[in-house]
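Student: quick one: sequence plus predicted model below, questions after.
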Amino acid sequence: NPRSPVTLAQLNAYTVDSAAALRQDLAEGTDPAKGAALLGYKGRTTHQRLADRMDIEDFPGGSPSEVSSNATAIGSAINAAKAAVKRLFLTSGRFLITPYIQRSGAGHIAISGEGKSQTTLVGAPGPSLITFQANTSVDVRDLTIEKNSVLSTDTGHGLVLIDQPNALVRDVAITKFGGI
């Protein structure tokens with residue numbers, strides 16, 4: 001049973017068709033067996049790796065903006081990450097927070113930015129811009145908390161931790177406030 005040779009045109013057509021199918025499968029966002037599930041990362045799929053954290057931009061109003069407040073989006077994202085016991089990741093940019101964010105009660109809160117020079121939470125506080133009270137643990141890292149002096153002349157505090165026996169604040173800059 002001799003096989004007929006494959007022509008170059010047939011081979012190119014197959015390669016183009018396969019590449020197009022692969023691009024389509026990788027772009028698929030609803031089928032759990034496609035998209036990021038097709039790519040590997042250290043013995044897991046990329047989908048599994050991306051599920052380790054929550055991203056602020058996955059929440060309505062969660063894009064960096066100094067024009068409209070991101071407080072509702074950040075508050076909702078903190079609640080969701082706390083419930084799922086995942087880290088909330090804030091992308092590079094300046095996030096306006098008005099009026100302020102307060103979270104309390106059992107649960108773990110973990111928030112990370114892309115670095116002190118890249119992710120900034122900016123706002124006008126009352127007594128504080130961000131307050132965490134009596135959570136199981138709090139971990140805030142890699143961002144800047146800055147007072148907008150135009151919006152407020154109050155000194156206030158950038159970050160307040162009350163009854164937080166397990167708190168980690170690492171690589172966080174607090175500027176133009178009275179302190180932490």
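Tutor: Yes, it's here.
Student: and L129, helix, strand or coil?
Tutor: State at L129, reduced to three classes by DSSP: H, G, I helix; E, B strand; the rest coil: strand.
Student: surely it meets I145?
Tutor: Yes. Under the criterion of Cβ atoms under 8 Å, L129 makes contact with I145 at 6.1 Å. From N, CA and C alone the C-beta is placed, and that goes for glycine too.
Student: what's the overlap in contacts for those two?
Tutor: With contacts taken as Cβ atoms under 8 Å, 6 or more residues apart in numbering, the residues that reach both L129 and I145 are L121, G158, L159, F177.
Student: would you say the second one is within a strand?
Tutor: Meaning G158. Yes. Membership of G158 in a strand is supported by three-state DSSP.
Student: okay, now it: neighbour count?
Tutor: Neighbouring residues of G158 were enumerated by other Cβ atoms under 10 Å; the total is 24.
Student: from T120, how far out is it?
Tutor: Distance of G158 to T120, computed by Cβ to Cβ, to the nearest Å: 11 Å.
Student: next: the last one.
Tutor: Here the criterion is Cβ to Cβ. By it, F177 lies 13 Å from T120.
Student: which neighbours do the two share?
Tutor: I145, E146.
Student: low-confidence bits of the chain, can you list those?
Tutor: Screening the chain residue by residue with the criterion pLDDT under 70, one finds the ranges 1-17, 41-42, 47, 125-126, 150-154, 178-180.
Student: hey, where'd the helices end up in it?
Tutor: For the chain, the helices defined by DSSP state H cover 8-27, 46-50, 71-84.
Student: any chance of those in JSON lines, plus distance to P99 and mean neighbour count?
Tutor: What follows is the helices of the chain, written out as JSON lines (distance: least, Cβ to Cβ, whole Å; neighbours: other Cβ atoms under 10 Å):
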{"stretch": "helix 8-27", "distance to P99": "40", "mean neighbour count": "10"}
{"stretch": "helix 46-50", "distance to P99": "32", "mean neighbour count": "15"}
{"stretch": "helix 71-84", "distance to P99": "7", "mean neighbour count": "18"}
